[in-house]
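Peer 1: Mind folding the following:
(one chain, ligands or ions: 1)
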Amino acid sequence: MLGTGYLGATHAACMAELGHDVLGVDVDASKVGALSEGKVPFHEPGLPAVLRRNVEAGRLRFTTSYEEAAEFGEVHFIAVGTPQRKGEFAADLKYVNSVVDSLVPHLRGDTVILGKSTVPVGTTDLLRARARGLTGHTVEFAWNPEFLREGHAVVDTLEPDRLVLGVEEGGRAEEVARQVYAPMLARDTPFFVTDTATAELVKVSANAFLATKISFINAVAEVCEAAGADVVALADAIGVDSRIGRRFLGAGVGFGGGCLPKDIRAFMARSGELGAGHMHGLLREVDAINMGRRTRMVDVARDACGTLLGAKVAVLGCAFKPDSDDVRDSPALNIAGQIQLQGAAVSVYDPEAMDNSRRLFPTLDYATTALEACEGADAVLVLTEWRQFRELAPAAVGAVARGRTLIDGRNCMPRGEWEAAGWTYRT
Ligand code: UDX
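Peer 2: From the prediction side, this is the model:
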């Protein structure tokens, strides 16, 4: 497993759980050290147990040596990051390229490499050509995208909705993948074998569709707000139509995280390069709607406080979604930062994401509990729908806050209870 970040560490542990012998490779020695001791360097429910169990059973090891990896693997998985390029929308493939450059010269025979990272369409062909210049052996590349959600990563990996594999004709990759994923295939998990371009596009299209669904309901939310309608009731009513579906119709401060934002931008850039103008235009709008939600939330907070200058604002939640400590492109943290930059004192609390938030945004005031964050607040903003926030007692918050405005950025709070306790509820 080449790369042991969120995707690689999870996939490595889960492949060992299936009974395979797995070697995880990373250039980051501290990550390798932690994982070797059975420690997961991020918050993912269930993963520490799977990791520890397989490290202890001797099926799972970690190393920084590509030479060792080349000797060890019958099949190699690429699981490194493909971040957004600085100052551009396109994906940066430097880590994927570097894996190929580091591994391939050490290979001692013909090899199959399955890519899992999310990449722009056409990448497999580029990597194949790149590898050809580095070795005399045959290196077969296939693309096997991953659909795991943070917070559900273990279940999503061990019991995926589907497996997708993009192969070149006449190769061994499908046979190898059938061996690796045998337990899942035995359970009749749908298995789509396609050409490599289709497999690469399946992944980015899935994320683009999810992002579009969220931005669609957020655009409807804008109309609802202007017309005095209720977007949650509306989503419930349209969501029962199985052609539409209720999931990913959660209106609010929009999507963030390490995947959706950068993946739709990379897809936008690649579509433009390919002359597919409609996809480019559609995703530009999806991104604009999403980013607009953040500014809108700051406007609502300003309106509630009269002015942000000298106001005190409590922000509950910094993670990009609940059950995660990930603050990458988090709408919550972005909004907290904007409010502070406009002159308010912002006190934030999150059950898991405090350390990561502090590193990214050291100037915010970090409270040790939700109630402490609310002390003296003119307005209380809920920006990540953690269960403990949904269960807060309005009277307890009222006893410490200065104002009586609750701003629900995720449409997750029990509105009636708060209004009955004398709060102004805004969403
Ligand atoms: C996503 C995809 O779901 C996954 O298949 C892919 O492999 C990686 O990207 P993840 O980043 O873990 O997974 O988060 P997800 O659960 O999809 O949520 C993304 C963002 O959308 C979060 O910020 C979430 O709060 C937001 N969201 C989700 C909404 O705003 N409304 C919704 O209705 C659903």
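
Peer 1: Please identify the residues of this protein in proximity to the ligand?
Peer 2: 147-150, 207, 210, 214, 248-250, 252, 254-257, 259-260, 320-321 (C-beta under 6 Å from any ligand atom). C-beta coordinates here come from the backbone N, C-alpha and C atoms, glycine included.

Peer 1: hmm, which of the residues you listed are the buried ones?
Peer 2: Neighbour-count burial (16 or more other C-beta atoms under 10 Å) applied to those gives 147-148, 150, 207, 210, 214, 248-250, 252, 254-257, 259-260, 320-321.

Peer 1: Please report how far the residue in the stretch 301-427 of the chain that the ligand sits nearest to lies from Leu260.
Peer 2: Proximity of the stretch 301-427 of the chain to the ligand (C-beta to the nearest ligand atom) peaks at Lys321, 3.9 Å away. From Lys321 across to Leu260, the span is 10 Å (C-beta to C-beta, to the nearest Å).

Peer 1: returning to that earlier point: take the buried ones among the residues of the chain next to the ligand and keep only those in helices.
Peer 2: Secondary structure from DSSP state H places Asn207, Leu210, Ile214, Leu260 of these in helices.

Peer 1: Distance check, the closest residue to the third one other than its chain neighbours against Ala221.
Peer 2: Spatially, and ignoring its direct neighbours in sequence, Ile214 is nearest to Phe255 (5.1 Å; C-beta to C-beta, 6 or more residues apart in numbering). Per C-beta to C-beta, Phe255 is found 14 Å from Ala221.

Peer 1: out of everything not next to it in sequence, what's closest to Leu7?
Peer 2: Once flanking residues are discounted, Leu7 sits nearest to Ala79: 4.7 Å by C-beta to C-beta, 6+ apart.

Peer 1: For the one you found, which residues are in contact?
Peer 2: Contact analysis of Ala79 by C-beta atoms under 8 Å, 6 or more residues apart in numbering lists Met1, Leu2, Gly3, Thr4, Gly5, Leu7, Gly8, His11, Ala12, Lys116, Ser117, Glu146.

Peer 1: Please put the alpha-carbon coordinates of stretch 48-60 into CSV.
Peer 2: Written as CSV, here are the backbone C-alpha positions of stretch 48-60 (Å, rounded to 0.1, in the frame of the first residue of the first chain):
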residue,chain,number,x,y,z
PRO,A,48,-7.8,1.6,15.6
ALA,A,49,-9.1,-1.9,16.5
VAL,A,50,-8.7,-3.2,13.0
LEU,A,51,-5.2,-1.8,12.8
ARG,A,52,-4.1,-3.1,16.1
ARG,A,53,-5.5,-6.6,15.5
ASN,A,54,-3.7,-7.0,12.2
VAL,A,55,-0.4,-5.5,13.4
GLU,A,56,-0.4,-7.9,16.3
ALA,A,57,-1.3,-10.8,14.1
GLY,A,58,1.8,-10.0,11.9
ARG,A,59,-0.2,-9.5,8.7
LEU,A,60,0.3,-5.8,8.6
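
Peer 1: For it, which residues meet the burial criterion?
Peer 2: In stretch 48-60, counting by 16+ other C-beta under 10 Å, buried: Val50, Leu51, Arg52, Asn54, Val55, Arg59, Leu60.

Peer 1: pLDDT score assigned to the closest residue to the ligand within the chain?
Peer 2: Of all residues in the chain, the one sitting closest to the ligand is Gly250 (2.7 Å; C-beta to the nearest ligand atom). If you check Gly250, the pLDDT there is 98.

Peer 1: any idea how far it lies from Asp408?
Peer 2: In terms of C-beta to C-beta, Gly250 sits 12 Å off from Asp408.

Peer 1: could the ones in helices among the buried ones among the residues of the chain next to the ligand go into TSV alongside distance to Gly33?
Peer 2: What follows is those, written out as TSV (distance: C-beta to C-beta, whole Å):
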residue	distance to Gly33
Asn207	32
Leu210	35
Ile214	38
Leu260	31
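
Peer 1: circling back to that earlier point, the residue of the chain closest to the ligand contacts Thr427, doesn't it?
Peer 2: No - taking contacts as C-beta atoms under 8 Å, Gly250 lies outside contact range of Thr427: 11.8 Å.

Peer 1: Hmm, Ile78 is touching Val112, no?
Peer 2: No - with contact defined as C-beta under 8 Å, Ile78 does not reach Val112; the gap is 11.6 Å.

Peer 1: Those two: who's more crowded?
Peer 2: Ile78 (26 against 23; other C-beta atoms under 10 Å).

Peer 1: Skip the chain neighbours and tell me the closest residue to that one.
Peer 2: Ile78's closest residue in space is Gly115 (C-beta to C-beta, 6+ apart), at 4.5 Å.

Peer 1: which residues does that neighbour bridge with?
Peer 2: For Gly115, the beta-bridge assignment (DSSP bridges) gives partners Ile78, Trp143.

Peer 1: Kindly state the pLDDT recorded for it?
Peer 2: Note for Gly115: predicted pLDDT of 98.

Peer 1: With His278 instead?
Peer 2: For His278, the model assigns a pLDDT of 98.

Peer 1: Contacts only, for Pro261.
Peer 2: Contacts of Pro261 (C-beta under 8 Å, 6+ apart): Gln84, Ala211, Phe255, Asp287, Asn290, Asp329.

Peer 1: Which one of these sits in the busiest neighbourhood?
Peer 2: Phe255 leads the contacts of Pro261 on contacts (other C-beta under 10 Å) with 26 neighbours.

Peer 1: For that residue, give me the pLDDT.
Peer 2: Phe255 is given a pLDDT of 98.

Peer 1: Gly81 too?
Peer 2: On pLDDT, Gly81 comes in at 97.

Peer 1: For my notes, confirm it occurs in a helix.
Peer 2: No - under the criterion used here (DSSP: H, G, I helix; E, B strand; the rest coil), Gly81 is coil, not part of a helix.

Peer 1: quick one: it and Gly8 touch, right?
Peer 2: No - judged on C-beta under 8 Å, Gly81 makes no contact with Gly8 at a distance of 9.2 Å.

Peer 1: Pick out whichever of the two has more residues nearby.
Peer 2: Legend: neighbour count by other C-beta under 10 Å for Gly81 and Gly8, higher for Gly8 (26 against 18).

Peer 1: Alright, calling it a day.
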